[in-house]
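**Q** the sequence isn't on hand, but the structure is:
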């Protein structure tokens, strides 16, 4: 049985072409992988494609995982790099296409982004609009800043682990986060 | 610390408790005396908490379907048809290129020009052709049938 094994053990088994181990790892990470890819790419189809590609890379290159870092760090690194590459490749023609994040339809986006209704309708609208602007500001951050912020906020990774994922120093991650949060603070202040 | 002495880059990490103890103590000491940085830390906390609480994301894909797609992508590509394999495909590409070149250069002729084989054939018979007056009456040397059967037409030398 592979269910109770650590990620690292599963990865070693995948290196030996244990498909059951691969299934368990995919089941364990698919939600997080898809969500992070979607947050970085803001496109459901791309998120699906790129997150699956990340798992394929894990399957093909599991033998290279030396266990020096946690499996999650290694996996996030693969995934984030694929997302950043995807954005770079698609940046020129992507602007021509309609995105499925509701950017062109604020009302739809607001509905999707609203997790739970609050008591006061007026407060709900104001808060929802603020959150919409906040996430729109996140969308406008540089890829590195956005990746750092999402890994921190969404995946709750510490700055040291984010540094490993992004392949930079921890100090650089702090600068990315500081600048990203600075932009978001200004967005809130303008409200 | 920056030139002004504010630990700008550390403030966000401080706000989320992400600093090691020594740095945390240093930033905390700075905050005791700096209202501007205290406000930055407070605003950063508010923004990061709001983002963490309301993360936009579509419903994740159905797990079973997602894994089925992934498994399909994991399978090595099937051998497929013979013409889809690299070598036949390269040969086919070469033949196609040759045909294309022939078509392009073959068609790149002025009206009235003859094909290479026909030119060769006529060139070999030039002394013979000079004997036929009918050729003078041909506007173009395209009427190969007329030339080919000059002997039978009875127009030679007349």
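**A** Structure received. It should be emphasised that the depicted structure is a prediction, and the values quoted were computed from it without experimental measurement.

**Q** quick one: the spatially most central residue of chain A and residue B:22, what's the gap?
**A** When CA atoms, centre = their mean is applied to chain A, the residue found nearest the centroid is residue A:36 (2.3 Å). Going from residue A:36 to residue B:22 by CB to CB, to the nearest Å gives 31 Å. C-betas here are computed from N, CA, C, even on glycine.

**Q** residue A:144 too?
**A** 27 Å.

**Q** which one's more surrounded, these two?
**A** residue A:144 (18 against 8; other CB atoms under 10 Å in any protein chain shown).

**Q** how about that one, what does it touch?
**A** A:84, A:166, A:168, A:176 (CB atoms under 8 Å, 6 or more residues apart in numbering or on different chains).

**Q** from those residues, which would you call buried?
**A** Neighbour counting by 16 or more other CB atoms under 10 Å in any protein chain shown classes A:84, A:166, A:176 among those as buried.

**Q** and those, which is closest to chain B?
**A** Nearest to chain B out of these is residue A:176 (CB to the nearest CB; 9.2 Å).

**Q** quick check: which helices or strands does the strand or helix carrying that closest one pack against?
**A** Assessed by DSSP states H and E, residue A:176 sits inside helix A:170-189. Helix A:170-189 is packed against helix A:121-140, helix A:143-153, helix A:159-166, helix B:8-15, helix B:35-53, with contacts defined by 3 or more CB pairs under 8 Å, 6 or more residues apart in numbering or on different chains; DSSP states H and E.

**Q** could you tell me which residues of chain B lie near chain A?
**A** Within chain B, the positions near chain A by CB under 8 Å from any CB of the partner chain are B:8-13, B:16, B:18, B:40, B:43-44, B:46-48, B:50-58, B:60-61, B:63, B:66-67, B:69-70, B:73-74.

**Q** go again with 6 Å.
**A** B:8-9, B:12-13, B:18, B:43-44, B:47-48, B:51-52, B:54-58, B:60-61, B:66-67, B:70, B:73 (CB under 6 Å from any CB of the partner chain).

**Q** which among those residues end up buried?
**A** Judged by 16+ other CB under 10 Å, buried ones among these: B:8-9, B:12-13, B:18, B:43-44, B:47-48, B:51, B:54, B:56-58, B:60-61, B:66-67, B:70.

**Q** and residue 6, how many neighbours does it have?
**A** I went with chain A, as the question did not name one. Using other CB under 10 Å as the criterion, the residues surrounding residue A:6 number 10.

**Q** that's the wrong chain, I meant chain B
**A** Neighbours around residue B:6, by other CB under 10 Å: 16.

**Q** chain neighbours aside, what residue packs nearest to it?
**A** residue B:37 (5.5 Å; CB to CB, 6 or more residues apart in numbering or on different chains).

**Q** so who does that neighbour touch?
**A** Taking CB atoms under 6 Å, 6 or more residues apart in numbering or on different chains, we find residue B:37 in contact with B:6, B:11, B:31.
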